[in-house]
Every structure is written in C-alpha cells, then in structure tokens.
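**Q** got a sequence here, can you model it:
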Amino acid sequence: MNSRLRPNFPIANRKDSYIMQKVSLPSQILPDKVAIATNQVSYQTKFRTLLMDISVEIAKGSKTALIGATGSGKTTFLRLLNRLTDPSVGTITLTGKNIQEIPIQTLRRRVLLVPQEPSLLGMTVAEAIAYPLTLQNFTQSEINARSQKWLDKLQLDSKLLNRSELELSLGQRQWVAIARALVMEPEILLLDEPTSALDRGLSHLLLDVLTELTQLPQPVTVVMINHQLDLVQTWCDQLICLHKGQLVQDEIASLVNWSDIDNLLRRDSTSPENDEF
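**A** Here you go, the predicted model:
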C-alpha cells in the first residue's frame, strides 16, 4: 500500500489542492501478506493513455474499494488484474509471481472478475451457476452441494433457477453472476459495480457475505468498484482512488478524508472530459 495522496499530476485549480496533502503512513504490507500488486503499470491504446504509472499493493484477505469517476480507469484496472487486458508497461504479481508466467486458465480460476453487466451465456440460472464447476470436472454431487451452499448464503430465490437470462433484471443477473463466481471459491474476487442495480437490502447482504469471505482461514481478497461511498466507507479497509487514469490515493480506510473524496467524485462527474474507459 502506497499510503499517501499522490501528487503525480498537475493541479488544475485550487479545488483539487487537497491531492497534494500528506497523511500519516501506516506500516508497509509484509511481502508474504501481499495478494496482488502492480508495479508502475500503464495502459494505453493507439489514441490515449488510460492508466498511468499505477503502483499498489493489496493485502491478502483485504476488502479494497476502488473508486473514481466514470472514465477514471477503474474497469481497465480490474481487467488488468486477471489478464483480460495486459499492461503496456509495468508488471503485476500474484503472491509474488508475475501473472504473465501463470497459465491463463489457472490465473482466472484464482482471480475472478464479475463485470457490471454480466451475461449468463444463454443458460438458465441453475445452469449458469453450475457451469464453471462443470468445466473443472466436479462431480454432480459436488456441483449440487457447492451450488446450494452459495444459493443459501446469497438467499437466491429458488423460483429463479429455471429462468433464462432474458427473464431476469440487471440486478438479478448481477446476483446470479456473483453466485457463479463464488462457487469457484477464488483467491481474489474482482467486482465491477456489483451493487449498482441492487436494492439496499441486497447490497448490505452482499457486503456481509464478502466480509465473511475475507475472514475465512484461507481468506478471499476482495476488490470492488463502487460509487456508493456511504456503503464502501463502512465496509472497506483499503481505498484506491483513481483520477483521470492516475492514482491519487492508496490508503487504509480509517485515514481517508471521505468528504474530500466525495467532492472530487462530484467534480469529476460533471467534467466534459469524463469519458468511459
């Protein structure tokens, strides 16, 4: 964890001057406690740079909120972590090993990404949840037991199991995609706006389930994009904030000035340069 506000881009006006402030530095994460880390990672297309010089460490079993306005590079950052996209510059390590050296199927079993608008690939809910286990040659009894475990934890209505993707709302598809990821019991779970279409009750249930995962004997590391600051500030223990593709804060949550973060996001949301990455 870099544990400071990063003065690594020009300050356009006095409203952004808080980015230059320093905060007290917590202890560095011990090397054997780092789940995943990026070292000077940048990503650019032919026409623009989307991420610039991102260096962060995410601790094993941590609950990390990844925030920033639309277009700040959050989704691109998550896609880099399980190699849906590769960085233009820099390295990413999973428990100390360069992810480029890990077979892609192995990596994506260990680091799972749930997108904001998931697809069930034309399957029913029950088929979609069982599908990744089927690919891993689980027996039918194992598939049934593990599927039921997560259906129960997520309180997924059994009436939905035989419905197709077309019969589900976005919120229901998100919930099913989360269940599909959890049955795989990954080391690292990446979530892109998982509560954007959920009501408050399900949002809090999800955060409770994620917290439980991080407290297991073999804890899951959770990295979640979320714009709902009132939810994440009471849930996360690490905050990563991106601004126009650059890292402006990487901090333990208890030291974050959430009012300043809220002000930054509000200003960014009205910026004419605010394009989706």
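**Q** any idea how many residues pack against Gln228?
**A** Neighbours of Gln228 under the rule other C-beta atoms under 10 Å: 16. C-beta here means a position set from N, CA and C on the backbone, and glycine is covered the same way.
**Q** give me the distance between it and Glu117.
**A** In this view, Gln228 and Glu117 are 17 Å apart by C-beta to C-beta, to the nearest Å.
**Q** kindly report the same for Lys97.
**A** Lys97 is 31 Å from Glu117, by C-beta to C-beta.
**Q** ditto for His204
**A** Counting by C-beta to C-beta, the gap from His204 to Glu117 is 22 Å.
**Q** who's more crowded, these two?
**A** A direct count of neighbours by other C-beta under 10 Å for His204 and Glu117 places His204 higher, at 15 against 12.
**Q** who are the contact partners of the more buried one?
**A** Residues in contact with His204 (C-beta atoms under 8 Å, 6 or more residues apart in numbering) are Leu231.
**Q** what about it, which SS state?
**A** What DSSP: H, G, I helix; E, B strand; the rest coil gives for His204 is helix.
**Q** same check on Leu190?
**A** strand.
**Q** which SSE is immediately downstream of the least confident helix or strand in the chain by mean pLDDT?
**A** Across the helices and strands of the chain, mean pLDDT, DSSP states H and E gives its lowest value to strand 4-5, namely a mean of 40. Next helix or strand after strand 4-5 toward the C-terminus (DSSP states H and E): strand 34-44.
**Q** packing partners of that following strand?
**A** With contacts taken as 3 or more C-beta pairs under 8 Å, 6 or more residues apart in numbering; DSSP states H and E, strand 34-44 sits against strand 49-59, helix 74-81, strand 89-94.
**Q** give me the buried positions along that strand.
**A** Within strand 34-44, the residues that count as buried by 16 or more other C-beta atoms under 10 Å are Val34, Ala35, Ile36, Ala37, Thr38, Asn39, Val41, Ser42, Tyr43.
**Q** so what's the fifth one up against?
**A** Listed by C-beta under 8 Å, 6+ apart, the contact partners of Thr38 are Ile54, Ser55, Val56, Leu80, Leu81, Pro87, Gly90, Thr91, Ile92.
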